[in-house]
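# got a structure for you, letters missing:
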């Protein structure tokens, strides 16, 4: 059984298991069109949307399907974003998003580094991977800073509901134990 920690603390950020009490802060972050542009799920239009999402996060954690943490400063303060991972056998994929107020401060890199380091310490995890929209250069650069390798371009692979239109190109990055 995979047993993720409720909290992972770094130098300036902390990952804390999300709860329904985070719904209002989540709504503030996930209702911003620029924040949600490249997400695979629609922007929240109400606090009720965020409550449903956060309730789902709690249920998925309990079911062992997805583990979801909020990102906040180690010293406390408002929600800066969220990060989640999904374990499938020997492989784990992860994704994150940040509130606009947290952009450009290294928070995505530190939060992702904390999660990836913990995942790498798990003997059963051999592959850690993530995807980004082909036009999302900022997130792609975070993955590269983590030491992840670009594996390829999946053409017309992912709908981005906050952009609309046809499915968009998606880039896959991975870090495997054999890379170390």
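Thanks, I have it. The structure displayed is predicted, hence computed values, not measured ones. Numbering: from 1, shown residues only.

# and the helices in the protein, which stretches?
Counting by DSSP state H, the chain has helices at residues 23-30, 33-36, 47-63, 107-120, 137-145.

# any chance of TSV for the ones you listed, columns distance to residue 99 and mean neighbour count?
Backbone N, C-alpha and C define where each C-beta goes, glycine included. Formatted as TSV, the helices of the chain follow (distance: least, Cβ to Cβ, whole Å; neighbours: other Cβ atoms under 10 Å):
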stretch	distance to residue 99	mean neighbour count
helix 23-30	4	20
helix 33-36	6	15
helix 47-63	13	16
helix 107-120	9	20
helix 137-145	14	17
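
# okay if I get these as CSV plus mean pLDDT and distance to residue 100?
What follows is these, written out as CSV (pLDDT from 0 to 100; distance: least, Cβ to Cβ, whole Å):
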stretch, mean pLDDT, distance to residue 100
helix 23-30, 94, 8
helix 33-36, 94, 6
helix 47-63, 95, 16
helix 107-120, 98, 12
helix 137-145, 97, 12
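
# closest one to residue 82 among the ones you listed?
Closest to residue 82 of the helices of the chain is helix 23-30 (Cβ to Cβ; 7.1 Å).

# tell me how far the closest one lies from the chain's centre.
15 Å (Cα atoms, centre = their mean, to the nearest Å).

# who does it touch, helix- and strand-wise?
With contacts defined as 3 or more Cβ pairs under 8 Å, 6 or more residues apart in numbering; DSSP states H and E, helix 23-30 has these neighbours: helix 47-63, strand 81-88, strand 91-98.

# I'd like those as TSV, with distance to residue 22 appended.
Shown next, in TSV, are the helices and strands packed on helix 23-30 (distance: least, Cβ to Cβ, whole Å):
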stretch	distance to residue 22
helix 47-63	6
strand 81-88	8
strand 91-98	13
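
# which residue is nearest the middle of the protein?
The centre of the chain sits closest to residue 96, judged by Cα atoms, centre = their mean, with a distance of 2.0 Å.

# now do the contacts for that residue.
Shown in contact with residue 96 (Cβ atoms under 8 Å, 6 or more residues apart in numbering): 71, 81, 82, 83, 84, 108, 111, 112.

# cool, thanks, signing off.
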